[in-house]
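>>> The following block contains a protein sequence and its predicted model.
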Amino acid sequence: MAEYIGSVDQGTTSTRFIIFDHKGQIAGVDQKEHEQIFPKPGWVEHDPVEIWKNTKEVIAGALEKNNISGADIAAIGITNQRESVVVWDKKTGKPYYNAIVWQCTRTHEICRELIKEKGQNRFRDKTGLPVATYFSGPKIKWILDNVPDARKAAENGSALFGTMETWLIWWLTGGPDNGAHVTDVTNASRTLLMDLNTLKWDKEILSTLNIPEKALARIVPSGDPDAWGMTLENGPFKAKIPVCGALGDQQAALVGQTCFKAGEAKNTYGTGCFLLLNTGHTPVPSRQGLITTLAYQFGSNQPVYCLEGSIAIAGALVQWLRDNLGLISNAAEIEELAKTVDDNGGAYFVPAFSGLFAPYWRADARGTITGLTSYVNKGHIARAVLEANAFQAKDIVEAMRKDSGVELSMLKVDGGMVVNDLLMQFQSDILNVPVIRPQVSETTALGAAYAAGLSIGFWSGPDELSKNWAVDKIWSPSMKDHKRAKLYHDWKKAVERTFDWVE
Ligand SMILES: Nc1ncnc2c1ncn2[C@@H]1O[C@H](COP(=O)(O)OP(=O)(O)O)[C@@H](O)[C@H]1O
Ligand SMILES: O=P(O)(O)OC[C@H](O)CO
């Protein structure tokens with residue numbers, strides 16, 4: 001058998017292709033950023049054609065740079081920013097509109113109408129999700145209602161809908177020439193359109209949102225040898241390779257962190273921040289503003305569920321400090337700036353740029369910096385930015401404890417921000433548990449590679465994968481209880497100041 005598994009990681013800010021060996025170590029990588037398009041306040045789009053072009057380039061780049069050929073790759077997995085949607089023409093592959101990104105709030109009115117009739121939790125029993133601008137269903141509805149010809153095309157079967165993995169797999173496996181139109185259970189569980197128990201599109205919700213089912217992808221497990229088909233010989237791999245694993249990026253990170261047992265959790269700090277707790281084979285309903293969602297399903301095995309706390313803005317706030325305020329010139333500089341002061345100087349930054357997601361679900365919230373005095377300088381602001389991530393994660397851990405009864409004894413972390421020592425130490429202090437970073441921090445891509453590799457027997461099962469996981473660094477709590485309590489108390493007050501801003 002070929003010695004590598006390839007993994008496409010299509011994230012919010014960039015697309016990577018990573019090649020893994022049997023030990024789960026990285027044998028090659030290439031990465032490319034794509035444009036963030038902000039047409040109006042609160043609106044976020046990506047160009048799906050640019051993303052497909054970048055995907056081809058990073059695949060070719062990683063193979064070439066490392067002298068690896070398509071024939072050395074046994075299978076392909078794919079993982080993606082979730083909820084973001086594309087609608088495209090089946091014959092030409094031309095998108096009807098840019099991808100509407102998960103952070104985009106343009107569906108506020110659609111959601112408000114849905115909530116007005118029957119409340120925010122009207123679909124929660126079936127889908128595990130509240131009605132919110134975050135999820136794909138309202139975004140698809142927006143495209144159908146606002147883009148000329150899109151609805152007609154969807155109804156007559158000439159348009160296809162998909163999340164980012166569906167779009168890329170369609171191209172990788174043939175595009176207009178019989179490309180596979182599929183989505184995995186984890187991605188489907190983020191649309192607000194799939195029933196969590198039957199793992200099928202829900203006809204009643206589709207009819208409420210007026211979305212034609214024929215344009216939706218076929219739902220398949222997250223790992224399956226036959227569900228997706230093969231890459232093309234004249235495509236970026238220059239070889240026929242089975243595509244046999246796909247998961248939303250946060251679920252992929254859960255798999256990459258080998259959180260296979262109920263009660264195990266990970267937190268990923270990327271553009272947003274997402275804490276997922278494996279709850280086993282039963283969907284656990286949330287009363288604390290978390291999401292009940294699919295964790296993974298391998299082949300015909302029973303699906304595994306999780307509770308998730310989704311935070312919209314994490315690393316994106318660091319980017320904002322860099323791009324919109326110019327306080328730093330690259331993301332790593334925030335740590336140096338934050339270290340110029342000993343604490344936040346009383347300042348709290350609540351980054352409710354897309355409203356607040358879990359556990360608040362307040363579309364009417366907008367970002368605030370509170371506690372400002374003449375004393376506060378840019379070092380304090382940098383610190384408040386980093387601390388915001390840790391406080392938001394604390395909100396999620398508290399909600400999870402109340403929902404599931406699980407007291408975390410440690411937190412496995414990954415994502416682009418976990419190189420930041422100050423943030424990781426503060427996270428450990430605020431949660432009062434050790435925070436642990438694994439040696440392979442590309443857990444998202446690794447999880448998709450695991451899903452693909454398990455499907456073809458490249459790895460024998462979860463036990464073998466767990467042996468690949470190893471600790472790189474542990475941060476242990478060292479903050480006094482009264483200080484932790486005071487900081488968190490003030491954070492909660494700051495959060496309340498963001499509510500009711502959008503009228
Ligand atoms: N040293 C750092 N300190 C704080 N944030 C950082 C640092 N390095 C990168 N980031 C942030 O991490 C994010 C990128 O993480 P990544 O996991 O690649 O994101 P995504 O998968 O969402 O595209 C960016 O938002 C960036 O601002
Ligand atoms: O691309 P990331 O890592 O920011 O993840 C985005 C999430 O999947 C959105 O739900």
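Done, it's in. Ligands and ions are numbered 1, 2, ... in the order given.

>>> List, one by one, the residues from the chain near ligand 1.
11-14, 270-271, 315-316, 318-319, 331-332, 334-335, 415-417, 419-420 (C-beta under 6 Å from any ligand atom). To be clear about C-beta, it is placed using only N, CA and C from the backbone, and glycine gets the same treatment.

>>> Tell me the residue of the stretch 101-250 of the chain that sits nearest ligand 1?
Nearest to ligand 1 in the stretch 101-250 of the chain, going by C-beta to the nearest ligand atom, is residue 249, at a distance of 6.6 Å.

>>> surely that residue meets residue 80?
Yes: counting by C-beta atoms under 8 Å, residue 249 does reach residue 80; the two are 5.9 Å apart.

>>> Spit out the residues that contact these two alike.
Shared contacts of residue 249 and residue 80 (C-beta atoms under 8 Å, 6 or more residues apart in numbering): 9, 10, 11.

>>> List the ones among those that fall in strands.
Among the shared contacts of residue 249 and residue 80, the residues falling in strands (DSSP state E) are 9, 10.

>>> Now flag whichever of the shared contacts of residue 249 and residue 80 is closest to ligand 2.
residue 11 (3.6 Å).

>>> what's the pLDDT at the closest one?
Listed pLDDT for residue 11 reads 94.

>>> For residue 143, give me its contacts.
Contact analysis of residue 143 by C-beta under 8 Å, 6+ apart lists 85, 87, 96, 97, 100, 150.

>>> Please name the residues that touch the closest residue in space to the last one that isn't next to it in sequence.
Setting aside the residues directly before and after it, residue 150 is nearest to residue 96 in space (C-beta to C-beta, 6 or more residues apart in numbering), at 4.6 Å. Under the criterion of C-beta under 8 Å, 6+ apart, the neighbours of residue 96 are 87, 88, 89, 143, 147, 149, 150, 153, 159.

>>> go on, residue 189?
Here residue 189 is in contact with 127, 128, 196, 248, 293, 294 (C-beta under 8 Å, 6+ apart).

>>> and if we set it to 10 Å?
By C-beta atoms under 10 Å, 6 or more residues apart in numbering, the contact list for residue 189 reads 82, 127-129, 135, 183, 195-196, 199, 219, 248, 251, 283, 291-295, 303, 305-306, 308.

>>> For the one residue in the stretch 201-350 of the chain that gets nearest to ligand 1, give its distance to residue 10.
Residue nearest to ligand 1 within the stretch 201-350 of the chain (C-beta to the nearest ligand atom): residue 315, separated by 2.3 Å. Relative to residue 10, residue 315 is positioned 16 Å away (criterion: C-beta to C-beta, to the nearest Å).

>>> Which of the two has more residues huddled nearby?
residue 10 (28 against 21; other C-beta atoms under 10 Å).

>>> Which parts of the stretch 201-350 of the chain are strands?
218-220, 243-248, 265-269, 273-280, 291-296, 304-311, 348-350 (DSSP state E, counting those that start in this stretch).

>>> Remind me what the second one packs against, helices and strands.
So the one you mean is strand 243-248. Contacts defined by 3 or more C-beta pairs under 10 Å, 6 or more residues apart in numbering; DSSP states H and E place strand 243-248 against strand 4-10, strand 73-80, helix 164-172, strand 182-184, helix 185-188, helix 249-256, strand 291-296, helix 443-455.

>>> can you rerun that using 6 Å?
strand 73-80, helix 185-188, helix 443-455 (3 or more C-beta pairs under 6 Å, 6 or more residues apart in numbering; DSSP states H and E).

>>> Please identify the deepest-packed of the ones you listed.
Of all those, helix 443-455 carries the top mean neighbour count, a mean of 31, counting by mean count of other C-beta atoms under 10 Å.

>>> And the contacts of the next helix or strand after it?
Using DSSP states H and E, the next helix or strand after helix 443-455 towards the C-terminus is helix 462-468. Helix 462-468 has contacts (C-beta atoms under 6 Å, 6 or more residues apart in numbering) with 23, 24, 258, 260, 450, 459.

>>> Compute the number of surrounding residues for residue 322.
16.

>>> right, and it touches residue 332 too?
No: with contacts counted by C-beta atoms under 6 Å, residue 322 stays clear of residue 332, the gap being 10.2 Å.

>>> what residues does the protein put near ligand 2?
11-12, 81-83, 102, 248-250, 270-272, 310.

>>> go again using 8 Å as the cut-off
Proximity of the chain to ligand 2 (C-beta under 8 Å from any ligand atom) is limited to residues 10-13, 80-84, 102-103, 134, 190, 248-250, 268, 270-272, 274, 310, 315-316, 415, 444.

>>> Buried subset of these, written for ChimeraX?
Burial among the residues of the chain next to ligand 2 is assessed by 16 or more other C-beta atoms under 10 Å; the matching ChimeraX selection reads:
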select :10,11,12,13,80,81,82,83,84,102,103,134,190,248,249,250,268,270,271,272,274,310,315,316,415,444
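
>>> Residue 95 touches residue 89, doesn't it?
No: using C-beta under 6 Å, residue 95 makes no contact with residue 89, being 7.8 Å away.

>>> Who has more neighbours out of those two?
The neighbour count for residue 95 versus residue 89, taken as other C-beta under 10 Å, is higher for residue 95 (19 against 16).

>>> next one: phi and psi at the more buried one?
phi -70, psi 140 (degrees, to the nearest 10).

>>> ok, it - contacts?
Residue 95 neighbours (C-beta under 6 Å, 6+ apart): 48, 86, 88.

>>> what about 8 Å?
Going by C-beta under 8 Å, 6+ apart, residue 95 touches 48, 49, 86, 87, 88, 89.

>>> what do you get for residue 427?
Residue 427 sits next to 389, 390, 393, 411, 413, 435, 475 when contact means C-beta under 8 Å, 6+ apart.

>>> quick one: average pLDDT of the top helix by length along the chain?
Counting by DSSP state H, the longest helix found in the chain is helix 378-404. For helix 378-404, mean pLDDT is 95.

>>> Let me know the pLDDT of the nearest residue to residue 296 once chain neighbours are set aside.
Take residue 296 and drop its neighbours on the chain: the residue closest to it by C-beta to C-beta, 6+ apart is residue 222, 4.6 Å away. With respect to pLDDT, residue 222 has a value of 95.

>>> Residue 222 reaches residue 451, doesn't it?
Yes: with contacts counted by C-beta under 8 Å, residue 222 reaches residue 451, the gap being 5.1 Å.

>>> what's the overlap in contacts for those two?
In contact with both residue 222 and residue 451: 245, 246, 247, 296, 298, using C-beta under 8 Å, 6+ apart.

>>> okay if I get the helices and strands packed on strand 243-248 as TSV plus mean pLDDT and distance to residue 365?
Formatted as TSV, the helices and strands packed on strand 243-248 follow (pLDDT from 0 to 100; distance: least, C-beta to C-beta, whole Å):
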stretch	mean pLDDT	distance to residue 365
strand 73-80	97	27
helix 185-188	98	27
helix 443-455	96	28
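
>>> List just the one of those that sits closest to residue 346.
With C-beta to C-beta as the criterion, residue 346 lies closest to helix 443-455 of the helices and strands packed on strand 243-248, at 35.6 Å.
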